[in-house]
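[1] coordinates only, no sequence provided:
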């Protein structure tokens, strides 16, 4: 298939004195070409399937003003995560004390350990995580934090607006660590 | 004793056929690859461990770009046509229905919609456009858009998607969520890039679970 007939009419006799030219084979080694072909195929297969975007589900609770419809939760099982600017994360357990002594700062790397520790030390029915993004944090931070909930298989969590006191505290802490 | 002669065969194989197959497959993959349409709004999405592939039919997509501007896009042309009719009858906008159906996304307030649709499609770039006003609760046109879209999708399943840029600030995201809440659209999905669960975490263990049981 890849070779051509170059023999030139079989054993045709040439006259005396005519030099016989040496015949070069027209066969080409196609192995490197096949290699290249399959390399490109593999490349295309991998790049096409990898860029498929995924969808992360988020179900919002219905807004309600009636206190009896709101979820009750034990104070001991609550972990509040505050998202500040520049990927800072702050957290406190239970309710925020007046002197803010239980207000701790963290980041996206260490927060997983905090969540895991909280999860292990709290019975599952009491565990409740509250995510409070401040106005300075980015969409990525929020998605990362919700993602962290699914990574650590946290069943109950809520996205809540930040309170003024907390917002101030986040700003003060950021100011102190930034300088 | 005379041994039977084993004919010596050449070890070189004709690669032509294999080469043909390889390049046939290559051309097939190149031609069938869907190229990402040149996006008018550049958004780099965050990654998550979610494994569900984003739906691609009956999508209502809200995009938040890095400056917090909000855009709306839909894929169902018939419904877009209905929406254009609704807008013309309820708001007296007098918009061009064909242009509205053809528009890849919507990125202006109701009052400027006509001017927006007059811009040629290729000149509509996210960074030059104002986006749908969504700054505060009093002037949140996204709420109105969603209620109109919801009305048009009445009885049909619509996939509400939210696609945000990594650098978008939280208030923009919150305003969009508020708009969803006001319309009782409490289930939506966020478009993300896939990412594998970090080793050792609970989700990772859960994914490994069935394998362990078999052993």
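    Ah, there it is. Please read these numbers as outputs of a predicted model, since none were measured by experiment. Numbering: from 1, shown residues only, chains lettered A, B, ... in the order given.
[2] alpha carbons only for contacts and neighbour counts from here, please
    Fine.
[3] state whether residue A:146 is indeed within a strand.
    No: under the criterion used here (DSSP: H, G, I helix; E, B strand; the rest coil), residue A:146 is helix, not part of a strand.
[4] how close does it get to residue A:134?
    15 Å (C-alpha to C-alpha, to the nearest Å).
[5] the two: which has the busier surroundings?
    Neighbours were tallied for residue A:146 and for residue A:134 using other C-alpha atoms under 10 Å in any protein chain shown; the higher tally belongs to residue A:134 (24 against 19).
[6] what residues are up against the more buried one?
    The neighbourhood of residue A:134, defined by C-alpha atoms under 8 Å, 6 or more residues apart in numbering or on different chains, consists of A:82, A:83, A:84, A:85, A:161, A:162, A:167, B:170.
[7] pLDDT value on it, please?
    Among the per-residue scores, residue A:134 holds a pLDDT of 86.
[8] so is the longest strand belonging to chain B next to chain A?
    If you go by DSSP state E, chain B has its longest strand at strand B:187-194. Yes: Strand B:187-194 lies within reach of chain A by C-alpha under 8 Å from any C-alpha of the partner chain, at B:187, B:188, B:189, B:190, B:191, B:192, B:193, B:194.
[9] which of those count as buried?
    B:188, B:189, B:190, B:191, B:192, B:193, B:194 (16 or more other C-alpha atoms under 10 Å in any protein chain shown).
[10] pLDDT added to those, as JSON lines?
    Listed next are those as JSON lines, based on pLDDT from 0 to 100:
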{"residue": "B:188", "pLDDT": "84"}
{"residue": "B:189", "pLDDT": "85"}
{"residue": "B:190", "pLDDT": "85"}
{"residue": "B:191", "pLDDT": "84"}
{"residue": "B:192", "pLDDT": "84"}
{"residue": "B:193", "pLDDT": "83"}
{"residue": "B:194", "pLDDT": "81"}
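[11] dump these to a markdown table, plus distance to residue B:118.
    Formatted as a markdown table, these follow (distance: C-alpha to C-alpha, whole Å):
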| residue | distance to residue B:118 |
| --- | --- |
| B:188 | 32 |
| B:189 | 32 |
| B:190 | 31 |
| B:191 | 30 |
| B:192 | 32 |
| B:193 | 34 |
| B:194 | 37 |
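[12] mind picking the two most distant members of those residues?
    The span of these, defined through C-alpha to C-alpha, is set by B:188 and B:194 at 17.4 Å.
[13] next one, pLDDT for the spatially most central residue of chain A please.
    The centre of chain A sits closest to residue A:144, judged by C-alpha atoms, centre = their mean, with a distance of 7.7 Å. Looking at residue A:144, its pLDDT is 87.
[14] quick one: contacts for the nearest residue to residue B:76 once chain neighbours are set aside?
    Among residues not flanking residue B:76 along the chain, residue B:58 sits closest, at 5.9 Å (C-alpha to C-alpha, 6 or more residues apart in numbering or on different chains). By C-alpha under 8 Å, 6+ apart, the contact list for residue B:58 reads B:74, B:75, B:76, B:157, B:158, B:159.
[15] which ones among the residues you listed are found in strands?
    Among the contacts of residue B:58, DSSP E puts B:74, B:159 in strands.
[16] ok, which stretches of chain A are helices?
    Along chain A, the stretches classed as helices by DSSP state H are A:31-50, A:111-121, A:139-151, A:164-178.
[17] out of the ones you listed, which is the most enclosed?
    Of all those, helix A:139-151 has the most neighbours on average by mean count of other C-alpha atoms under 10 Å in any protein chain shown, namely a mean of 21.
[18] so which elements touch it?
    When contacts are defined as 3 or more C-alpha pairs under 8 Å, 6 or more residues apart in numbering or on different chains; DSSP states H and E, helix A:139-151 packs onto strand B:47-48, helix B:170-182, helix B:202-214.
[19] so residue A:92 bridges to which residues?
    As for beta bridges, residue A:92 partners with residue A:80 under DSSP bridges.
[20] do you know the pLDDT at it?
    For residue A:92, the model assigns a pLDDT of 85.
[21] I'd say it and residue A:81 touch.
    Yes: at 6.9 Å, residue A:92 counts as touching residue A:81 under the criterion of C-alpha atoms under 8 Å.
[22] neighbour count winner among these two?
    Counted by other C-alpha under 10 Å, residue A:92 and residue A:81 do not tie: residue A:81 has more neighbours, with 23 against 18.
[23] looks like that one contacts residue A:90 (just checking).
    Yes: using C-alpha under 8 Å, residue A:81 is in contact with residue A:90, at 5.8 Å.
[24] could I get the contacting residues of residue A:126?
    Contacts of residue A:126 by C-alpha under 8 Å, 6+ apart are A:73, A:74, A:76, A:77, A:78.
[25] now tabulate the residues you listed in CSV and tack on neighbour count and pLDDT.
    Below are the contacts of residue A:126 laid out as CSV (neighbours: other C-alpha atoms under 10 Å in any protein chain shown; pLDDT from 0 to 100):
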residue, neighbour count, pLDDT
A:73, 12, 69
A:74, 11, 70
A:76, 14, 77
A:77, 20, 80
A:78, 20, 84
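[26] what's the most distant pair in those residues?
    Spatial extent of the contacts of residue A:126 (C-alpha to C-alpha) is set by the pair A:73 and A:76 at 8.6 Å.
[27] if I look at residue B:105, how far off is residue B:72?
    Taken as C-alpha to C-alpha, the span from residue B:105 to residue B:72 is 6 Å.
[28] nope, residue A:60 is what I was after
    From residue A:60 to residue B:72 the distance is 20 Å (C-alpha to C-alpha).
[29] so for the two, which sits in the more crowded spot?
    Shown here are residue A:60 and residue B:72; by other C-alpha under 10 Å, residue B:72 has more neighbours (20 against 17).
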